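Q: Here's my sequence, what's the structure:
(one chain, ligands or ions: 2)
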Amino acid sequence: MAIHAVYPSGDASEELKEAAEICFQCGVCCVLRAHSCHAQYDGQFDPRHTFVYDCLGTEEPVENPNLWLCVSCHKCEELCPYDVSPVHFIEAMKAQAFEMGSAHPSVLSEIEQIVETGFAFPLTGSSARQREVLELEPLKITAQDDLKVITEETGLGTKLRRHREEEG
Ligand code: SF4
Ligand code: SF4
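A: Ligands and ions are numbered 1, 2, ... in the order given. The predicted structure follows:
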């Protein structure tokens, strides 16, 4: 299957399709241990079936749970000798999966954490104590009102609620 055929018609820009067409599946973005894609070492991939090609070459890309192993570090983009940018494909597919209600539950929880607190990690007693030891100011949640406005104005709040309703 041609790699650009992974996109349902009309969902990918021509630029992205062109970039996908020049992927030779050489594996450089995934197999240079310690320098390449961390998701490659999840245990289910090997040099003949790389994480990147698992994402780009699947028949139903937005239904692929492995998409969510990508942490958007952009190493693949830096390493690719052919100027392919797998991360842009993967991010586009994640966005599409979110729109279709297929986002991974852990991602939904992380988004909710951010929109509720402004922090991408929970503020625990342990982290508060560590900050005290390091003589750092305690972290405070100060942006709830602004975050609420942004979340609702952008439609993110509606999407999050819809995801949760569909789950429940
Ligand atoms: S994205 Fe680039 S480095 Fe990765 S397999 Fe394709 S051509 Fe090779
Ligand atoms: S951006 Fe995603 S696919 Fe690219 S190297 Fe990082 S984790 Fe791997």
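Q: Can you pull the residues of the protein lying near ligand 1?
A: Residues of the chain lying close to ligand 1 by C-beta under 6 Å from any ligand atom are 23-29, 52, 76, 79-80, 82, 84, 86. Any C-beta I mention is one placed from the backbone N, CA and C, and that applies to glycine too.
Q: Assess the claim that residue 100 and residue 62 are in contact.
A: Yes - between residue 100 and residue 62 there is a contact under C-beta atoms under 8 Å: 5.9 Å.
Q: These two: which is more packed in?
A: residue 62 (21 against 10; other C-beta atoms under 10 Å).
Q: List phi and psi for the more buried one.
A: Dihedral angles of residue 62 (phi, psi; degrees, to the nearest 10) stand at phi -70, psi -10.
Q: do residue 46 as well
A: Dihedral angles for residue 46 - degrees, to the nearest 10 - are phi -150, psi 180.
Q: what's the distance between it and residue 33?
A: Counting by C-beta to C-beta, to the nearest Å, the gap from residue 46 to residue 33 is 12 Å.
Q: what's around residue 38, how many residues?
A: Other residues lying near residue 38 total 14 when counted by other C-beta under 10 Å.
Q: among the residues of the chain next to ligand 1, who's most crowded?
A: Result: residue 29 is most packed of the residues of the chain next to ligand 1 (other C-beta under 10 Å), 28 neighbours.
Q: If anything else comes up later, I'll come back, but that's it for now.
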